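> this one's structure only:
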């Protein structure tokens with residue numbers, strides 16, 4: 001069966017997250033370096049296979065001190081683990097433009113199954129004739145499942161950093177010739 005190959009356009013995509021801080025607000029961040037490819041049928045994305053690689057050392061939360069801590073062994077340990085990978089498994093269409101994607105997310109050498117909500121935002125040709133596809137993705141994971149355990153107890157109760165991480169991504173794919 002024929003397939004269509006796509007790659008992530010990093011200049012028009014964003015992979016980010018948010019997490020509770022002090023149990024009262026969300027802190028957001030993005031990864032500035034990532035790549036990925038998608039193999040789909042010529043008829044759509046219902047059977048697509050996704051492979052993505054994120055460079056955790058490219059984390060940017062807007063605070064250099066926090067980014068340095070996140071890169072340390074307390075969190076991502078980027079000197080030892082320089083990639084976060086995602087490989088899709090099942091992709092289930094739930095509505096015309098809505099999908100549920102499961103896959104394997106590997107961080108710090110630990111692989112766990114994750115589920116992401118995927119919204120297909122459409123196909124479009126750019127001014128140079130390149131075919132593009134747009135997607136919005138989101139999901140939640142528990143950071144402790146990947147050994148991201150560091151935290152600090154607060155005097156008033158609770159903890160400094162929440163365990164639940166919300167993943168948010170806007171991805172633009174470009175069709176390969």
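Happy to help now that I have it. Just so we're clear, the structure is a prediction, and the values are computed from it rather than from any experiment.
> Could you tell me which ranges of this structure sit under the pLDDT cut-off?
For the chain, the stretches flagged by pLDDT under 70 are 1.
> Going along the chain, name the helices of it.
Taking DSSP state H, the helices of the chain run over residues 64-71.
> all strands of it, in order?
4-8, 14-21, 25-31, 34-41, 44-54, 59-60, 84-93, 98-107, 110-125, 131-142, 161-175 (DSSP state E).
> In CSV, list these along with mean neighbour count and distance to residue 75.
For every residue, glycine as well, the C-beta is placed using N, CA and C. As requested, these are exported to CSV (neighbours: other C-beta atoms under 10 Å; distance: least, C-beta to C-beta, whole Å):
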stretch, mean neighbour count, distance to residue 75
strand 4-8, 18, 24
strand 14-21, 18, 11
strand 25-31, 15, 11
strand 34-41, 17, 18
strand 44-54, 18, 14
strand 59-60, 19, 9
strand 84-93, 16, 12
strand 98-107, 17, 10
strand 110-125, 15, 13
strand 131-142, 17, 14
strand 161-175, 18, 9
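> Quick one: closest of those to residue 74.
Closest to residue 74 of the strands of the chain is strand 161-175 (C-beta to C-beta; 10.1 Å).
> which non-adjacent residue is nearest residue 3?
Spatial nearest neighbour of residue 3, chain neighbours left out: residue 39 (5.1 Å); criterion: C-beta to C-beta, 6 or more residues apart in numbering.
> Next up, the contacts around that neighbour.
By C-beta atoms under 8 Å, 6 or more residues apart in numbering, the contact list for residue 39 reads 3-6, 48-49.
> rerun that using 10 Å as the cut-off
Residue 39 makes contact with 3-6, 47-51, 88, 176, according to C-beta atoms under 10 Å, 6 or more residues apart in numbering.
> so, if you compare the residues you listed, which one comes nearest to residue 73?
residue 51 (27.0 Å).
> Was I right to think that closest one contacts residue 5?
No. Contact status for residue 51 versus residue 5: not in contact, 11.2 Å apart, counting by C-beta atoms under 10 Å.
> and for those two, which residues touch both?
With C-beta under 10 Å, 6+ apart as the test, residue 51 and residue 5 both reach 37-39.
> Export the residues you listed to CSV and append columns for distance to residue 23.
Output for the shared contacts of residue 51 and residue 5, formatted as CSV (distance: C-beta to C-beta, whole Å):
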residue, distance to residue 23
37, 39
38, 37
39, 42
